[in-house]
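J.: make a model of this:
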Amino acid sequence: MKALVIDRIGHTAFRDSPSPEPGEGEVLVDVCHVGLCGSDLSTFTGANPLVDLPRVPGHEIGGRILSVGAGVAPEFRPGARVVINPYTACGQCPACKRDRPNACQFNQTLGVQRDGGLCDRITVPQSRLILTEALPDRLLPLVEPLSVGFHAVARGQVSAGDTVLVLGGGMIGVGAILGAQARGAKVIVSEISAAKSETLRKLGAQAVLNPLEVDLAQEVLDLTEGQGADVVIEAAGVAQTFRLAVDLAPFTGRIVYIGYTRGEVAYDTKFFNLKELDIRGSRNALPADFDAVIAVLTKQPQVADLLISKVFPFVQALEAFDYWLAQRDETFKILIDFGKGGSDGPATA
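T.: This next block holds a predicted model:
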């Protein structure tokens, strides 16, 4: 079978490898679509410290079951649509024992610490599959990236009547927007890209503010009758927004960090105490977050038309990363289509 591999910084190639066979408790998935993630782009540019090259990227995977190994439950039948949960869980670390396997100390994510889904077929444990016939094939790879934002919303305990400020309107920020709206919250977004801002408004954000053009703190106060946002979700992953979250959070506000920055971040820590802030990290997603995303996309399939920026056939996938670098400010999600049916979408290469 063919796989796309990032074999050195700034370069991709196709390679041939034997087709895998499912072992006990495993399922062989025919890959239909893969979404490219910011972590894949970081691997391509050499900025991802978690990846050793060469690496097959791709952890946003949708497909159909081809065959199953011994001991697999009968509902995992050939032909069933699946979303792949790309994380692992050791079952023994403190996070796993607290029933939070998304934060497993020894997690290995597909496409990061181990080869991912940009290949014709892939075997995964049954426990890593989420069955859904509610979504068409092309929407399946949107589930995992959006679930990361949904998980952050859950970590922030967002509820109806809250106002949520999302710092960063990329794909992860979009997940936070949709997740907060699904819980009945109003959403304000800070985003510097004009092209992305237009899409974010179409997704229902109450306001989209460019912090380079307006006084973000004052605008948020004006939009919340002087109260500030109940929850601030950092989804940009830069030092400025890490500090900004603390500055913008009101007294007794909640902050959730999804992104991370490679460098150190300096804080005036007195505000942690004076404001009595609840500050939480958010990592990956739980099955419940996947289910919540599927429910939203089932009701709002038009979201895909706003988020899928470009579709490359697998045979042209070598062009995808260079395209993304050139169109970064306006790109939400690039899909790789393996041409196995259900490939209708808003854009083609």
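
J.: and V238, how close does it get to V143?
T.: 26 Å (Cβ to Cβ, to the nearest Å). No exception for glycine: its C-beta is placed from N, CA and C like everyone else's.

J.: just checking, I258 touches P145?
T.: No. Shown here, I258 and P145 do not form a contact pair, counting by Cβ atoms under 8 Å, at 11.2 Å.

J.: find residues that contact each of the two.
T.: Counting by Cβ atoms under 8 Å, 6 or more residues apart in numbering, the contacts common to I258 and P145 are I172.

J.: between V238 and V143, which has more neighbouring residues?
T.: Legend: neighbour count by other Cβ atoms under 10 Å for V238 and V143, higher for V143 (29 against 17).

J.: surely that one and G62 touch.
T.: Yes. Assessed by Cβ under 8 Å, V143 is found in contact with G62 at 7.5 Å.

J.: overlap in contacts, those two.
T.: Contact with both V143 and G62 is made by residues V83, according to Cβ under 8 Å, 6+ apart.

J.: verify the contact between D7 and L53 for me.
T.: Yes. At 6.4 Å, D7 counts as touching L53 under the criterion of Cβ under 8 Å.

J.: got the contact list for stretch 263-279?
T.: Against stretch 263-279 from outside (Cβ under 8 Å, 6+ apart): 239, 242-243, 246-247, 249-255, 257.

J.: tabulate the residues you listed (TSV), appending distance to G111.
T.: TSV is the format used below for the contacts of stretch 263-279 (distance: Cβ to Cβ, whole Å):
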residue	distance to G111
A239	26
F242	26
R243	31
V246	32
D247	35
A249	33
P250	38
F251	41
T252	39
G253	35
R254	31
I255	29
Y257	22
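
J.: and of those, the nearest to E21?
T.: Nearest to E21 among the contacts of stretch 263-279, counting by Cβ to Cβ, is Y257 at 40.9 Å.

J.: for L110, grab phi and psi.
T.: Main-chain torsions, L110, degrees, to the nearest 10: phi -60, psi 140.

J.: cool, R280 as well?
T.: phi -130, psi 150.

J.: so what's the residue count around it?
T.: R280: 15 neighbours (other Cβ under 10 Å).

J.: how far away is it from R77?
T.: Relative to R77, and taking Cβ to Cβ, R280 is found at 39 Å.

J.: ok, V166 next?
T.: Counting by Cβ to Cβ, the gap from V166 to R77 is 39 Å.

J.: which one's more surrounded, those two?
T.: V166 (33 against 11).

J.: what is the strand or helix carrying the more buried one packed up against?
T.: Assigning secondary structure by DSSP states H and E places V166 in strand 163-167. If you count contacts as 3 or more Cβ pairs under 8 Å, 6 or more residues apart in numbering; DSSP states H and E, strand 163-167 packs onto helix 171-182, strand 186-190, strand 231-234, helix 239-248.

J.: just the ones you listed: most buried one?
T.: strand 231-234 (a mean of 30; mean count of other Cβ atoms under 10 Å).

J.: just the mean pLDDT for that one, thanks.
T.: Averaged across strand 231-234, the pLDDT comes to 98.

J.: show me what it pairs with in its sheet, parallel or antiparallel.
T.: strand 163-167 (parallel), strand 254-257 (parallel) (DSSP bridges).

J.: which of these sits closest to D337?
T.: Here strand 163-167 is closest among those (Cβ to Cβ), at 29.3 Å.

J.: ok, which of the helices and strands packed on strand 163-167 comes nearest G156?
T.: strand 231-234 (4.3 Å).

J.: which residues touch that closest one?
T.: 149, 152-153, 156-158, 162-168, 173, 176, 180, 185, 241-242, 244-245, 248-249, 253-259.
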